[in-house]
Every structure is written in C-alpha cells, then in structure tokens.
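Participant: Need coordinates for the following:
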Amino acid sequence: LDWWHADRYCEQRFAQLLFEPQDSEQDSFSELLQSHDIRGSVWLKERDGVLHKPKRRRGHSVPVLVFRDKTDTKYVKVLSDFPALPAVTACAHLQWDTRTQEIATIFSYAVPAFMNEFQLRGFVDEEGFVRFALIVHGHHSPYLPVFRADGQWHHFCVTWQRENGTWAIYADGKRRASASGLCAAGPSAPQAIYSQGTFIIGQDQDSLGGTFRAKESFSGNITDLHIWQKVLGTEQIEQVRSCWVIEQDLVFGWSSDTLELESTVQTVTTQLLCPGHVEECRVLEVGSSGFSYASCLQTLPFICQYRKDAYWQLKRAQLESSHSLVSHVNTLAARTVIPDSVFTSDVQDMNLSVALGALDVLAMVLREGETSMLEPSDLLAVLQLLKQVSDMEVQEGDDLKMLEQLVQYYMEVTELILEEQNIGTWSSVSQVIRGPMAVVQLCDRMVLLLVSLLTAERTRITIQHRNIGLRRVTVKNLWFGYGALQRCLSGTAASQHVAASNRGHKYVSTTVGTAVISSTLLGDYQEISTSVRYRLQHRAQVPGQDLGGKFRVFSLVLLHVSPDAGGMWSTVGCSVVTSLQDSTACFCNHTTNFAILLQVYEMQMTTKEEFTLQTLTFIGCGVSFCALIVTFILFLVVRVPKSERTTVHKNLIFALAAGEALLMLSELAKSNQVLCFLVTAFLHLFFMAAFSWMLVEGLLLWSKVVAVNMSEDRRMKFYYVTGWGLPVLIVGVTLATSFNKYVAENHCWLNVQTNIIWAFVGPVLFILAVNTFVLLRVVMVTVSSARRRSKMLTPNSSLEGQIGAQIWATAKPILVLLPVLGLTWVCGVLVHLSIIWAYVFILLNSLQGLYIFLVYAIYNSEVRNAIQRMKDKKKA
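Facilitator: So this is what the prediction gives:
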C-alpha cells in the first residue's frame, strides 16, 4: 500500500506502522526480516515525524472573473494601495481562451513615471503552448512556454527582485523559466517597483488607468490572484498552488470587495480542486540495513507492530469470544461487515454506500442488546469498523444526504458503546485501547467528512444522541454525557479532595464539572491553530458546600489525548476568564480536548494587600481631584489666552475630575441599588468623556504638529461632538440594550461577567491605540526638527552634545503628552499578571490629575505669563 493507507491499515488493527529501529538493532532486525523472505524497501514510521495528508483534493470555492472575447472596454481595477516593491510575487489560477492566438495582457501595473511598470503578457504559439513574458520598468523578458493551451485551469506565479534583476515564472508548481538581469539595479539607480500605482486585470494601460486596446486585452477566466512584496520560494509556491494563503508580506489577497469591475465583466463562483502537498516518507532498505526516502504515494510492503501486552490482550479477547455480535451483524448484512479476527490481512474497500449499510445494521444490533454488556472482542470489532469508516475518503459525486445519514448512525453507535454497563469491558481492553477517549478522536475524524455539506445557506449542522453530539462543523465541537467516558475520566484522572491552604486560597473539593469537550477549528479541511474563548455550561454542581458568602472559583484543566497514553490532565494553555454559578468562560491559546474541573475554594485577598490598594486609591484620587480643580480654576481665573488647546484642556480636566470624585464616593452608594445604578452610569459617562477628550487631545496634536496646513475653523464643533456626544451615545446604547445586566453585583461599576465592561474597555483600547500612534509620530517630527535645528545653530557641536539633544528631544514630548493622551492606562492590561501591576496602575492613574497640574499649570508658560500680567497690573 502507499504510506498513508499502510499507516491507516495498522491503526485500524490496533497496531502501528513499523518504527525506525535503533542503531544497535539495525543488523539483527534486517536479518530477521530476510529470514521471513522480506526484501527490498519497507515503509517506516519516524518516531518524531508528523505527516499531514489532506483527506482528498480540497475543494476551494472562489469568485472567477470572466473576460469573454477581446475588447477595449472590459477591465477590473484592484482597489488596493501598493507599497514600493523591491521584490514581488504574483500568483493566480488562469483559464486561457484557446480561440485566440494574439498577445494578451493578464495584468498591468502603471505609475506616472512608467506605464509598463509591472506587467504580465502572453500568447499561444504554433505548437499550442501559452508563452509568458514579464515586464518591469518597461524592460521585457523573452516569451517562454509555461503551459499547454488546453482550456483547463492552470496555476501560475511570477517573481522578480531588484537585486540582480532575478525573475522566474512557475506553472502548475514547476519552474518553467528563470534568469537575471531584468531591469537590474545599478549602483547609482537602485529601483524598486514604484508605489501608489494603478493595477488593472485584463488590459494594458497606455495611460494611467485607461486607454485600452482590444488587440492587447485578455480573453479567458482568472481567479485567486495574490501579490506579495517578496519572492516566494518553491515550497511556498507549492503551498499557494494547494490553495493555502501565505499571510506574511501579502500586499493583495483575492476578494470581491477589493475589486472594481467594469459593468460588462461577469463573475461566477467556481470550485477549484487543489492538489495536496507531495511528501516523502521514510523507508528501510532490507539487506543493506540502510534508510532512504520514497514518495509517500508509492506502493511498498509494510509491517504492523504491536506492543506485547496489547497483542496478548487482543489474542485473549479473540479466543474467549463467542463472536455472537459479529456473526449477527454479518448475517443481517448478508456480507462480511466485521471480520471474525482483528488480525485479518484483507484490505476492505470502504465507500459511502458500504459504510452506511454496515453502520445501519450495527446500530440496529446494538439497540437490540442495549441492556447487555458488550464482550471485549465485540467492543474491539466495533471500534475497528468505526476506525475504517472515519478513514473513508468521500469521492466526488457521492450523495451528500447519505453522508449526513452515515454520521447520524456513527454517533448512535458511538453513544451505544459508551453506555455505563460497558465500563468493565473498556477496562478489560485497556492495553489495546487505553480509555474511551479513543472515541473522541474517531468522532473528530468523522466530523471532517461533514465539511462538504456546509454552504452559504446552511452554515450549521447539529447531530445529537443521548450522550454524544456535535455542533457546527467549521468550529467543530463534541460533547459527551456521563457514561463510561465521563466516569472513567473523573474516576481515574480528576477526582481529588484537597484540604490545603495556599496564600489565602482554601481548596474544598474537585470534581469533573462539564462534559468533556473536543473542539477544533477547521479551514479548507485542515485544522487551524488559533486562540479561542469558550463558555461552558456546568453539568455537575458540588452539593452541600456552604461558601459562606465567599467567591466560587473554577479552574480549567486540559485533557491531552494520545492513543497510547490514554489522556492526562494538565493546565497548560488555558485560563479562566470569568466564572458564574452556571457556567465558566475560558481562554485557550489552542484548541484541544479538555474538561472543566470545578475547584471550589474561598478566594481571599490578604488584609494588608486590600488595605494598601484601598488607601492608595483614595489618597491618589483625592490628590488628583484637588489638583484638577485647582488647574481648572487657574484656567478660568488667570485669563489664559483663549485657544483650541486651552478649551480642550479644560474639558478634559472637568471630565476627569468628575469621574474621580464619583469614584471616591462609589463605595458609599453600594448599599442603595438605585443610587449605585446612577453612580455607575455617570462613572461610565465621565470616564468615557475623559478618554474621548484624550482622543481629541491626540487629534488636536496631530493637526498642530504633523498636519500643519490644516484649517482651524469650525473644528471645535467636531471636538465637542467627539468629546461629549460620543460618550453619551455609548452610554445610551449600552443602557438601552443591557439595562438589567449593566451593574456588577459587588460594586458600583460595569458588569464584567456579562461583558458589559467592553462598552468601556473597547473604546478605551481604540483611543489608546490612536494616541500611541499620534505620540510616535509627534516624537519622530520633534526629533527630526531638533536634528535640523542642531545642524543649523550648532554645526560644530560635539557628538555627546548631539546625542544629549536627541535624547531630550525624544523624552520631552513623551513626558509632556503621556498624561493628556492617557497612555499610562496601558498598564491596566497587565494588572491580571501580578498584584505589583495593580499598585503601578493605581499610582500612575490616580495621580494623573497631579501630573496634569504640574505640567499644564505650574510649568505652563502661558499660565505663568498670565499670572505675571496680573501681578504687574496689580502693581500698576
């Protein structure tokens, strides 16, 4: 068999493909094989190697641009800003119109300096080959054959880089042409492909974005165009050909939303069949005791190996079996659905129709004997059939309704073998199948077959039996009830009772709290590695625990699964976000098999920590409030010259002072529900307003320092709408949509557990991101200005002096702008890591008002000049 089917064959028989022998064993092992007349190459499984094979050629639905006939009107414009390209790769799928042999322009990229800045052209030669030529900066490569003009879909890529002018053309995964010297950069003229040009598909531009000629236009179909600002290697091009999008350095990705179509250009959706990767697998050369590699698709002999304990347990199960279930199933099916022995060497041809009939009969037999315990050999026979069905490859043209019915039967059979009366049977085959988590893996594989059923109209599939089910296939979830699986896991791996106390956390008990879940994210038939957030309903509560008004806290424990290890508990990769009485929200940095263990304990902050945080908050807010009030009064009394800047400062100071005053009084409002609600709403409003005016500070700064030519007229109206209108809108919408879930239970602030907190955190994170960008831009401008000023005024200054001036030019705007731009609030993101960050966060932000007072009142030249004028006037 080929490597994939050989590996699958062994696994279906509860064995593994032969592992690579150790160095000391090679000679004796080779002699052993020769004594059994085994010679030549034999497949091996590498101990650390992981090979991923797509289940079949993957379907890839994409919008296709149809250019029917050569005209001077049909074109498609790419709505994307192109940067300068010192290197470039462009790839697409193309279907050439075989009726024409004239030159055609697949795409053209023009800039004012060069109409033919970057272009790909082609024509059909007399021998029936499509020849491509690449144009860069007006320089033309020769026309070279790339693929046959057969009316089929072909994949192509073209690459070019400024260094040495190296270029290449690939077609259907193979390099067809390459050379160097195409507009190579000389020492005096290193030229990248210019930025901010116009990219047109299907036409040659004789003027920027227009003046097309019919004889140079493209006729055919094109789709899946992607452009990168780097040269892709051969392996990456093979990935792109297999319909994987390489995100790094991607300048343009194929999407209908980024294309402007001329009215007569048609679009249709087509299904491209993408090839899988060509991989090589390890082989043992029997006789020479050497190792080599061969294409994994080649058919070679192979050997399945068993662990001794598993082998003898299998033999014992076979000898002690009555074979009643196997014979009953085979009799009803009128064919051999399940072989009498798991050691049979026959390779069963499994297709959709055969699998559906086999599982239909098996489910019926299992239902009839639902109350009786399965024999070990029966359980192994059922699992062997489930393995074969989950490894089945769905062929093009198979009836998809039959596929859904097959999965229904599959889930039913899986549920029936997990009944509680079979716990003893699972234990008796523990050396062969180490725990029922094997069923989770089989269901995971089976669900992959359902992806082809999903369409734009049908985005969700749910299949459920009593103890097992699956929901949504693009995000694949599996759940299990409290049968053999749940009892086995909670009994052997998770049940524990700890009465230890550790830093204020007193553990009471631990038990499995939800059904075990397997969750996988899929894209194009493959797993996607990504972070996920789950909210899991509690299926088991801990009875009789009086927590005495303390918090009930849950922790997430992952169950790592392997066929041999049987699964073990670990906390790596997941953390609890929020915990409620009926559910727990968890954040995981990957998808996995896992369960929630409810660890019920009293969570207590030490008295010293609690007192210190409260004291720091009250003192800091008090000092900050007083400083803000004094600053506000100074701006009003000393008659600082009226300007946009002072007006924005005054609004920010007022909003921040109101928010901090309410924050200090919020503890007093906890006992009154109505008053607490009002305090929360106004806290939300004033702190949201404070951040909105911080955003206005950033916008004003941008207009003054970066965009110096912008008009100042009528800008204050926009600032007032942003500073006060936006907070009113956010608070109003939040109250209208979540009135009953608005306030937290234990204090007067937004409810974290119902995600209302995001009505504050979301806008704040956006404002901080904008202001961070503004600060960086201002620092760049300031440093640049300081450098120019230094060269003009002190051209002969020392290196130390220049460095000192640069450091001060960088530090000054950061120190001055940090408080009004609110960037000290970024520390809030780190509070969950350590209590130290809580201290830092409180100190920085509760003293924000004092900082504003010092920078914008005491050390503000305008305020000091106004006070001096008042003194002079008084003297006069």
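
Participant: Report whether Ser263 is found in a helix, as I expect.
Facilitator: No - with DSSP: H, G, I helix; E, B strand; the rest coil as the criterion, Ser263 is located in coil rather than a helix.

Participant: What pLDDT does the model give it?
Facilitator: As predicted, Ser263 sits at a pLDDT of 85.

Participant: Next up, phi/psi of it, please.
Facilitator: Reported as degrees, to the nearest 10, the phi and psi values for Ser263 are phi -60, psi -30.

Participant: Compute the number of surrounding residues for it.
Facilitator: Counted with other CB atoms under 10 Å, residues neighbouring Ser263 total 6. All C-beta atoms are positioned from the backbone trio N, CA, C, and that covers glycine.

Participant: And for Glu11?
Facilitator: 17.

Participant: Please, which helix or strand holds it?
Facilitator: Of the helices and strands defined by DSSP states H and E, Glu11 is found in helix 3-12.

Participant: Quick one: mean pLDDT for that helix?
Facilitator: Helix 3-12 comes out with an average pLDDT of 86.

Participant: Check which helices and strands it sits against.
Facilitator: When contacts are defined as 3 or more CB pairs under 8 Å, 6 or more residues apart in numbering; DSSP states H and E, helix 3-12 packs onto strand 16-17, strand 40-43, strand 304-305, helix 376-390.

Participant: Single out the most deeply packed of these.
Facilitator: Ranked by mean neighbour count under mean count of other CB atoms under 10 Å, the helices and strands packed on helix 3-12 are led by helix 376-390, which reaches a mean of 23.

Participant: starting at the chain centroid, how far to that helix?
Facilitator: Here the centre of mass of C-alpha atoms in helix 376-390, compared against the chain's by CA atoms, centre = their mean, to the nearest Å, lies 35 Å away.

Participant: ditto for stretch 39-48
Facilitator: 35 Å.

Participant: Columns mean pLDDT and distance to Ala177 on top of the helices and strands packed on helix 3-12, output as CSV?
Facilitator: Conversion of the helices and strands packed on helix 3-12 to CSV gives the following (pLDDT from 0 to 100; distance: least, CB to CB, whole Å):
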stretch, mean pLDDT, distance to Ala177
strand 16-17, 88, 41
strand 40-43, 86, 36
strand 304-305, 89, 47
helix 376-390, 86, 44
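
Participant: got JSON lines for these, with distance to Leu250 too?
Facilitator: Formatted as JSON lines, the helices and strands packed on helix 3-12 follow (distance: least, CB to CB, whole Å):
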{"stretch": "strand 16-17", "distance to Leu250": "38"}
{"stretch": "strand 40-43", "distance to Leu250": "38"}
{"stretch": "strand 304-305", "distance to Leu250": "44"}
{"stretch": "helix 376-390", "distance to Leu250": "35"}
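
Participant: And these: which comes nearest Glu163?
Facilitator: For the helices and strands packed on helix 3-12, the distance to Glu163 is smallest for strand 40-43, at 43.0 Å, taking CB to CB.

Participant: in its sheet, what does the helix or strand following the closest one sit against?
Facilitator: Following the chain from strand 40-43 toward its C-terminal end, the next helix or strand by DSSP H and E is strand 58-67. Partner strands and pairing direction for strand 58-67 (DSSP bridges) are strand 220-228 (antiparallel), strand 266-274 (antiparallel).

Participant: where does Gly287 fall, phi/psi-wise?
Facilitator: Note on Gly287: its backbone torsions stand at phi 110, psi -50 [degrees, to the nearest 10].

Participant: Show me what the one helix or strand Ile767 maps to is packed against.
Facilitator: Using DSSP H and E, Ile767 sits in helix 758-793. With contacts taken as 3+ CB pairs under 8 Å, 6+ apart, helix 758-793 sits against helix 673-701, helix 726-737, helix 799-821.

Participant: Does Tyr851 belong to a helix, a strand or coil?
Facilitator: Three-state secondary structure (criterion: three-state DSSP) places Tyr851 in helix.

Participant: right, I mislabeled it, should have said Pro339
Facilitator: Three states are possible here, and by three-state DSSP the one that applies to Pro339 is coil.

Participant: just for the stretch 701-850 of the chain, where's the confidence low?
Facilitator: In the predicted model of the stretch 701-850 of the chain, residues 706-714, 746, 753, 786, 788-821, 823-824, 828-834, 846 satisfy pLDDT under 70.

Participant: wait, doesn't Leu1 sit right on Tyr9?
Facilitator: Yes - in terms of CB atoms under 8 Å, Leu1 counts as a neighbour of Tyr9; the distance is 6.3 Å.

Participant: which one of these two has more residues nearby?
Facilitator: When Leu1 and Tyr9 are compared for neighbours, Tyr9 comes out ahead with 19 against 16, by other CB under 10 Å.

Participant: how much space between the more buried one and Val382?
Facilitator: Tyr9 sits 18 Å away from Val382, taking CB to CB, to the nearest Å as the criterion.

Participant: Likewise for Ser321?
Facilitator: To Val382, Ser321 is 13 Å away according to CB to CB.

Participant: And for Leu325?
Facilitator: The spacing between Leu325 and Val382, counted by CB to CB, is 8 Å.

Participant: show me where the stretch 251-400 of the chain has helices.
Facilitator: Taking DSSP state H, counting those that start in this stretch as the test, the helices found in the stretch 251-400 of the chain are 308-319, 324-333, 352-368, 376-390, 400-417.

Participant: Is it possible to get JSON lines of these that adds distance to Glu25?
Facilitator: Listed next are the helices of the stretch 251-400 of the chain as JSON lines, based on distance: least, CB to CB, whole Å:
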{"stretch": "helix 308-319", "distance to Glu25": "16"}
{"stretch": "helix 324-333", "distance to Glu25": "37"}
{"stretch": "helix 352-368", "distance to Glu25": "39"}
{"stretch": "helix 376-390", "distance to Glu25": "29"}
{"stretch": "helix 400-417", "distance to Glu25": "38"}
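
Participant: and of those helices, who's closest to Ala84?
Facilitator: In terms of CB to CB, the element of these nearest to Ala84 is helix 400-417, at 48.2 Å.

Participant: relative to helix 352-368, how tilted is that closest one?
Facilitator: Between helix 400-417 and helix 352-368, the angle formed by their directions is 30 degrees, by axes from the mean of the first three to the mean of the last three CA atoms, to 10 degrees.

Participant: Helix 400-417 packs against which elements?
Facilitator: Looks like helix 400-417 contacts helix 352-368, helix 376-390, helix 437-448, strand 462-464, strand 468-471 (3+ CB pairs under 8 Å, 6+ apart).

Participant: Single out the most deeply packed of the ones you listed.
Facilitator: Here the criterion is mean neighbour count by mean count of other CB under 10 Å, and of the helices and strands packed on helix 400-417 the winner is helix 376-390, at a mean of 23.
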